[in-house]
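*Asks:* task: produce atomic coordinates for the following.
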Amino acid sequence: MDQLPATTRSIIRTGLRCRCPRCGEGRLFQGFLKIAPKCEVCGLDYSFADPADGPAFFVMMIMAFPVTGLGMWIELTYSPPFWVHLVTTFPFLLLACIPILRPFKGLLIASQYINKAEEGRLAPPPSQAEMGHGVLGHR
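*Replies:* Numbers count the residues shown, from 1 in each chain. Alright, predicted model coming up:
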């Protein structure tokens, strides 16, 4: 990990610890997944932080493989009734996704801060004068 650039180490360290991306000390979350309004240590306003559904999507897509594998293995090996999946596969799904959701959200927020990510904006189309054309697009 020493070979990584400082910003990458900082993203990983602060994100996984769910700490402020600027100072690395203040708490990032007010509740389990609710982002605090600002850092209690350095005062960084967390209003820039908007990972939207990114953390949930990535966690579900990553954990879908082991959870589906377990469900398929149980089904193909034992052919159990449906309720067995409710007491085995479903709890495994919850235990696989929920604990890593918060650190993953912290990673995405730290990445947004360090990379200065902002909401995308559409640029207005260039005018005729900017394109070097005269009236009606003729040169």
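*Asks:* chain center to the helix or strand harbouring residue 64: distance?
*Replies:* Element membership for residue 64, per DSSP states H and E: helix 54-78. In terms of Cα atoms, centre = their mean, to the nearest Å, the centre of helix 54-78 is found 19 Å from the chain centre.
*Asks:* what does whichever helix or strand comes after it rub up against?
*Replies:* Later in the chain than helix 54-78, the nearest helix or strand by DSSP H and E is helix 82-87. Residues from elsewhere that reach helix 82-87 (Cβ atoms under 8 Å, 6 or more residues apart in numbering): 71, 74, 75, 78. For glycine as for every other residue, the C-beta is placed from the backbone atoms N, C-alpha and C.
*Asks:* show me which of those are buried.
*Replies:* Buried members of the contacts of helix 82-87, counted by 16 or more other Cβ atoms under 10 Å: 71, 74.
*Asks:* residue 58: what's its closest spatial neighbour, skipping adjacent residues?
*Replies:* With sequence-adjacent residues excluded and distances taken as Cβ to Cβ, 6 or more residues apart in numbering, residue 58 is closest to residue 104, at 6.4 Å.
*Asks:* okay but that neighbour is in contact with residue 59, surely?
*Replies:* Yes - look at residue 104 against residue 59 with Cβ atoms under 8 Å: they come within range, at 5.5 Å.
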